[in-house]
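Asker: Next input, structure requested:
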Amino acid sequence: MTPGTRQTADTGATSQTAMITTPHWQASEVGAAVLKRGGNAIEALVAAGAALSVLYPHFCGLGGDAVWMVSDADGNVRSFLGIGQSARNIDGITAIPSRGPGSTLTSACLVESWERVLAHSTSAWAGKERLSSLLDDAIRIATDGFAVSSSQRFWHEFRRDELGEWPGFAAIFTGSGIQRQPDLARSLSAIARHGTREFYEGELGARIAGGLAEIGSPLTATDLAVTRTREDTPVSLRYRDLTLFAPPPPTQGLTTLGIMGILEHLDMAGFDFSGGVYYHRLIEGVKQAFLDRNRIADPDFAASSLAEALLDPKWLRSKADAIDPARAMPWPQPYRHGDTAFLAAVDDKGRAVSLLQSTYFDWGSGVVVGDTGILWQNRGAAFSLDPSSPNRLEPGKRPFYTLNPGMALKEGRPHLLYGTQGADGQPQTLALLISLLADHHLDPLAALSRPRFLLGQTFSDTRHTLKIESNVGADVIGSLSTMGHVVSGIDAFSQLGGQAGVIKIGAEGRLAGAHDPRSDGGAIGL
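Answerer: Okay, here's the model as predicted:
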């Protein structure tokens, strides 16, 4: 057995056995320990994801959700959508704020998703790990504390003028030094002792419901009790010699696949990936797919044939034909915020998992629920109050969802795992990464290190411009400007570029992986 390697600043990780990648080194180490003792990829990511819920509180946590893509070595891919639904009692809601108590409109499904994926692990993969042992490291880290990451420090400073308005926040979270979360440790311990239903129907669930009531959230104990993860069939699309898989609606997985279906007609392999023409085609492909994105909504409340319509080959061809190869299409489209954390793992049996977990915006709603230490998500801010919108707020509905971890099969077996933090930036970054990996055959770290773009408004720049990292070079910026793109430069390896991760399973099971140079983590090969 060839020993694996750990990602360094100059190289990605490699292995012949197993691998994990996360945006924080301690979380990667937690998951690697599970793989090393014989645990499978699902079990490793439950442990790593729980640890990340402590280590990366600005991007994910127990008060948020998770979307899983799971495959065995034979390419049987399934989606597990751990997406909380809106409160049943929404009478009288006339505005949806982006922060604060009024944004706590949806239940949290991350914890419930652990039960669902571990049940799959046990029944399909002969998994033997117990949830209680998988939460040990998260409990220890929350109790003992950890050094605040550069990412947490950045987002704490970025929101410094808002923090005083968020109930319970300032007493717990810091922007530097050592971060301890004893209340969260007690909540994790209760889940470890009593199981995931403790979060929804146990004594902890009662305290969560009470804390939500105190801040005026419409969520009740009944809303918590009916929260469930959905197992579903992923959507898929052929791209070159790969079959790309993404989670179905209400996620924007259709948008990522739509971009790739458009790029299939644009010969992306034939262009220099360092040049302006290459970026122009990517950006215009993104625009064409994003024009359809507002049609995506909870399929329980919307048309069920949307995937067939948006991924229809003739439709995607018409989108590609609409692109002017020499001129940018104007882009005054609404921007959706959101921050998440991506994790992926491959175990020694070739089973693969791609996972995103999130509290929506950085720091979610900003509201800490009662004495639980749990920072609640603001995913309700993704709803609309426009009665004509497919994504209008309705009781028990899941909102449009930015999370879309991806997976690609080659010759019927897992080949690529990929995902990123970044809301609107997710499909844009994923399109760039998939093209670099599939069209130009870059290794994971090289692909993750390439300059990125972000189309439209952001929370830090409300202009409808094309944000692009400065290390793309003056020639590319000049070329894009000449084609009509209104370009705003951002720093190289900017936090606005997202935090992505990739694991590639090559010939004879050779693994290569990395996490983003923009993150605080990396990949570990065993």
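
Asker: any idea how far residue 488 is from residue 517?
Answerer: For residue 517, the distance to residue 488 equals 21 Å [Cβ to Cβ, to the nearest Å]. To be clear about C-beta, it is placed using only N, CA and C from the backbone, and glycine gets the same treatment.

Asker: what's near enough to touch the residue nearest the centre of the chain?
Answerer: Centrality entry for the chain: nearest residue to the mean C-alpha point is residue 356, 3.6 Å, by Cα atoms, centre = their mean. Residue 356 makes contact with 66, 67, 340, 341, 342, 343, 403, 404, 405, 419, 421, according to Cβ atoms under 8 Å, 6 or more residues apart in numbering.

Asker: Where does it fall, secondary structure wise?
Answerer: According to DSSP states H and E, residue 356 maps onto strand 352-358.

Asker: and after that strand, which helix or strand comes next?
Answerer: Next along the chain after strand 352-358, taking DSSP H and E as the criterion, comes strand 368-369.

Asker: pLDDT on that following strand, on average?
Answerer: Across strand 368-369, pLDDT averages out at 98.

Asker: after that strand, next one along is what?
Answerer: Using DSSP H and E, the helix or strand that follows strand 368-369 in sequence is strand 374-375.

Asker: Low-confidence stretches in the protein?
Answerer: For the chain, the stretches flagged by pLDDT under 70 are 1-2, 303, 332-338, 457-463.

Asker: ok, which stretches of the stretch 251-400 of the chain are helices?
Answerer: Listed in chain order, the helices of the stretch 251-400 of the chain (DSSP state H, counting those that start in this stretch) span 253-263, 276-290, 306-310, 313-321.

Asker: Check the gap between residue 509 and residue 503 for me.
Answerer: Going from residue 509 to residue 503 by Cβ to Cβ gives 12 Å.

Asker: So between those two, which is more surrounded?
Answerer: residue 503 (31 against 15; other Cβ atoms under 10 Å).

Asker: need the contact list for that one.
Answerer: Neighbours of residue 503 in contact, by Cβ under 8 Å, 6+ apart: 19, 21, 344-346, 352, 416-418, 444, 511-513, 523.

Asker: Excluding residues flanking it in the chain, which one is nearest residue 413?
Answerer: residue 75 (5.2 Å; Cβ to Cβ, 6 or more residues apart in numbering).

Asker: Now the one you found: phi and psi?
Answerer: Main-chain dihedrals, residue 75, degrees, to the nearest 10: phi 80, psi 20.

Asker: For burial, what's the neighbour tally of it?
Answerer: Neighbour count for residue 75, taken as other Cβ under 10 Å: 18.

Asker: Quick check, it in contact with residue 415.
Answerer: No. Using Cβ atoms under 8 Å, residue 75 is not in contact with residue 415; the gap is 9.2 Å.

Asker: what is in contact with those two at once?
Answerer: In contact with both residue 75 and residue 415: residue 409, using Cβ under 8 Å, 6+ apart.

Asker: which residues touch residue 483?
Answerer: Applying Cβ under 8 Å, 6+ apart, the residues near residue 483 are 276, 280, 326, 327, 328.

Asker: out of everything not next to it in sequence, what's closest to residue 25?
Answerer: Nearest residue to residue 25, sequence neighbours excluded (Cβ to Cβ, 6+ apart): residue 521, at 5.2 Å.

Asker: Contacts only, for that neighbour.
Answerer: For residue 521, counting by Cβ under 8 Å, 6+ apart, the contacting residues are 21, 22, 23, 24, 25, 27, 28, 515.

Asker: mind checking how far the fifth one is from residue 31?
Answerer: Just to be clear, that refers to residue 25. Taking Cβ to Cβ as the measure, residue 25 falls 11 Å from residue 31.

Asker: Of these two, which one has the most company?
Answerer: A direct count of neighbours by other Cβ under 10 Å for residue 25 and residue 31 places residue 31 higher, at 33 against 18.

Asker: Quick one: the helices in the stretch 51-200 of the chain, in order.
Answerer: 110-125, 131-134, 136-144, 150-158, 182-194, 198-201.

Asker: Flag every buried residue along the fifth one.
Answerer: Read it as helix 182-194. Within helix 182-194, the residues that count as buried by 16 or more other Cβ atoms under 10 Å are 183, 184, 185, 186, 187, 188, 189, 190, 191, 192, 194.

Asker: Next: the fourth one.
Answerer: Residues of helix 150-158 classed as buried by neighbour count (16+ other Cβ under 10 Å): 151, 152, 153, 155, 156, 158.

Asker: what's the distance between residue 60 and residue 54?
Answerer: For residue 60, the distance to residue 54 equals 10 Å [Cβ to Cβ].

Asker: ignore the last one, residue 31
Answerer: Going from residue 31 to residue 54 by Cβ to Cβ gives 14 Å.

Asker: just residue 184 next, same as before
Answerer: Distance from residue 184 to residue 54, counting by Cβ to Cβ: 7 Å.

Asker: Now do the shared contacts for the two.
Answerer: Joint contacts of residue 184 and residue 54 (Cβ under 8 Å, 6+ apart) are residue 142.

Asker: give the contact list for the residue lying closest to residue 129 once chain neighbours are set aside.
Answerer: Sequence neighbours aside, residue 43 is the residue nearest to residue 129 in space, at 4.1 Å (criterion: Cβ to Cβ, 6+ apart). The contact partners of residue 43, taken as Cβ under 8 Å, 6+ apart, are 34, 118, 121, 127, 129, 134.

Asker: Just the element for residue 43, please.
Answerer: helix 41-55.

Asker: Leaving out chain neighbours, which residue sits closest to residue 36?
Answerer: Residue 36 sits nearest to residue 526 (Cβ to Cβ, 6+ apart), 5.7 Å away.

Asker: now swap in residue 494 and tell me
Answerer: Setting aside the residues directly before and after it, residue 494 is nearest to residue 469 in space (Cβ to Cβ, 6+ apart), at 5.8 Å.

Asker: Isn't the one you found up against residue 487?
Answerer: No. Assessed by Cβ under 8 Å, residue 469 is found out of contact with residue 487, at 11.1 Å.

Asker: Who has more neighbours out of the two?
Answerer: residue 469 (20 against 17).

Asker: what's that one in contact with, if anything?
Answerer: Taking Cβ under 8 Å, 6+ apart, we find residue 469 in contact with 451, 452, 453, 489, 490, 491, 492, 493, 494, 497.

Asker: for residue 327, same thing?
Answerer: Applying Cβ under 8 Å, 6+ apart, the residues contacting residue 327 are 483, 484.

Asker: and the gap between it and residue 37?
Answerer: According to Cβ to Cβ, residue 327 stands 57 Å off from residue 37.

Asker: re the thing from before, which two of the contacts of residue 43 have the greatest separation?
Answerer: 34 and 118 (12.0 Å; Cβ to Cβ).
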